[in-house]
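Engineer: need a 3D model of the sequence below.
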Amino acid sequence: MPEEEGYEISWLALRPGTPVVTTDGRELGKITHVLGDVSKDIFDGIGYRSHLLGQEEMLPQRAVARITTKRVELSLDEAQAKIEGQRYREEQEFRVDPGMKHPHWTRDEDD
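Structural biologist: Alright, predicted model coming up:
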């Protein structure tokens, strides 16, 4: 792996300010937060500040191909990421359970 890509890390080690990069090489923005449950090691997705709109966006875990020390690599191109982000936002608006540990976390708990 080229040095500029960094080495793979856990979602738990992801830091704010890490670039979010699409399969077509575009940087969408920078990480602002991670969605998940640390106590159960459940990674649900990422939140990032968009370079295009300057607003906070979210993407589900299924859109993340790899997390490295240098960037978050998506499994989507820029157009697909826009669509998936909108779909994920709609899921959040209609399925959020107020008892969850994170206001944007949509995973159903088993217990």
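Engineer: check whether the most centrally placed residue in the chain sits in a helix, strand or coil.
Structural biologist: Central residue of the chain (Cα atoms, centre = their mean): I46, 2.1 Å from the mean position. At I46 the chain is in strand, as set by DSSP: H, G, I helix; E, B strand; the rest coil.
Engineer: so how far is T68 from it?
Structural biologist: Distance of I46 to T68, given as Cβ to Cβ, to the nearest Å: 13 Å. Heads up, the C-betas are built off the backbone N, CA and C, glycines and all.
Engineer: which one is the residue nearest to the centre of the chain nearest to, not counting chain neighbours?
Structural biologist: Leaving aside its sequence neighbours, I46 sits nearest to L59 (Cβ to Cβ, 6 or more residues apart in numbering; 5.5 Å).
Engineer: pretty sure the one you found belongs to a strand, no?
Structural biologist: Yes. Membership of L59 in a strand is supported by three-state DSSP.
Engineer: quick one: the lowest-mean-pLDDT helix or strand in the chain to chain centroid distance?
Structural biologist: Lowest on mean pLDDT, DSSP states H and E among the helices and strands of the chain sits helix 78-95, with a mean of 83. Relative to its chain's centre, helix 78-95 lies at 11 Å (Cα atoms, centre = their mean, to the nearest Å).
Engineer: in it, what counts as buried?
Structural biologist: Buried residues in helix 78-95, counted by 16 or more other Cβ atoms under 10 Å: E78, A81, K82, E84, G85, Y88, Q92.
Engineer: next one: the residue nearest to the fifth one when sequence neighbours are not counted from A79, what distance?
Structural biologist: Counting by Cβ to Cβ, 6+ apart, G85 lies nearest to E57, which is 5.0 Å off, once chain neighbours are set aside. Using Cβ to Cβ, E57 is found at 14 Å from A79.
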